[in-house]
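Enquirer: Mind folding the following:
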Amino acid sequence: MGEFATLNLSASVGDHPSAVAENWARVQRAFPEVQLWLRMRQVHGTAVRVVDHVPSGEPPECDGLVTNMHGAAVCVLTADCVPILLASSDGALVAAVHAGWRGTAGRVAAEAVRAMVENFDVPATQLWAALGPSIGACCYEVGDEVAALVAAAGLGKALIRGRRGRCHLNLRLANRVTLHEAGVPPEQIFDVGGCTACSTQMFFSHRGQKGRAGRQLSFIVCARNPLQLHAVNG
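Expert: Predicted coordinates:
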């Protein structure tokens, strides 16, 4: 209800736990082909974890998950940050990445590519990527400290000076650059588009809803079909 309507999938933003559990149950019923839902405790870092067996215990603390487990979905929750979904050409290897400004400046997307290449011997040229809805440069004004860190990471082309002289950050462009420099061909990187802060009637937005927002889900299924990627919006 309220700021968490509809289909909030995060249990850490103040929503009632039973409502979140019911929302996850609805998603699982909608995608019965998914045999295992792999989640992470996102911490705005650059750690990427490889999951090659059914996990036990709490979800890992990281901002990227990679799996080659057939029928498993890797999940990312966002409300302004960029959800990045990756797949090998045959769909037998997939990844989900959470990229806010910290992860973007730390090139977490490149870490995911590296994990896929090094652990599964898949060339980066055989990877495909989709960047989901996030806050756009139109709404993402950042301070000088953030701008300096992004520029120091070699991503200065994603910084734009607004009409008031303040700096705006194009998160999706920065991650496209990172993926390309990590070896993913630009024609294999797709931008779904959409500004979460501009479209709070369609998406949850931490900034657009002044810090009281749910989280929407993006996921990709390891099923030998690289096009099985999904966004479940609020």
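Enquirer: Mean confidence (pLDDT) on stretch 65-81, please.
Expert: Averaged over stretch 65-81, pLDDT sits at 97.
Enquirer: Just the terminal-to-terminal distance for that stretch.
Expert: 16 Å (C-alpha to C-alpha, to the nearest Å).
Enquirer: How much space separates Gly45 from Ile189?
Expert: 22 Å (C-beta to C-beta, to the nearest Å). In short, each C-beta sits where N, CA and C put it, glycine included.
Enquirer: if you count what's nearby, which of the two comes out ahead?
Expert: Set Gly45 next to Ile189 and count neighbours by other C-beta atoms under 10 Å: Ile189 wins out with 22 against 17.
Enquirer: Beta-bridge partners for the closest residue to that one other than its chain neighbours, please?
Expert: Residue nearest to Ile189 in three dimensions, not counting chain neighbours: Ala129, with 4.7 Å by C-beta to C-beta, 6 or more residues apart in numbering. Legend: beta-bridge partners of Ala129 under DSSP bridges are Leu86, Ile189.
Enquirer: what does the one 5 residues further on give?
Expert: The partner list for Ser134 in beta bridges (DSSP bridges) reads Cys195.
Enquirer: so it sits right up against Asn170, yeah?
Expert: No - if you go by C-beta atoms under 8 Å, Ser134 and Asn170 don't touch, sitting 9.7 Å apart.
Enquirer: Which one of those two is surrounded by more residues?
Expert: Ser134 (29 against 22).
Enquirer: wait, what's in contact with the spatially most central residue of the chain?
Expert: Residue closest to the average C-alpha location in the chain (C-alpha atoms, centre = their mean): Pro83, at 1.8 Å. For Pro83, the contacting residues are Val76, Ala96, Val97, His98, Ala99, Leu131, Gly132, Pro133, Ser134, Ser218, Ala231, by C-beta atoms under 8 Å, 6 or more residues apart in numbering.
Enquirer: Now the second one, what are its backbone angles?
Expert: The reference is to Ala96. phi -130, psi 140 (degrees, to the nearest 10).
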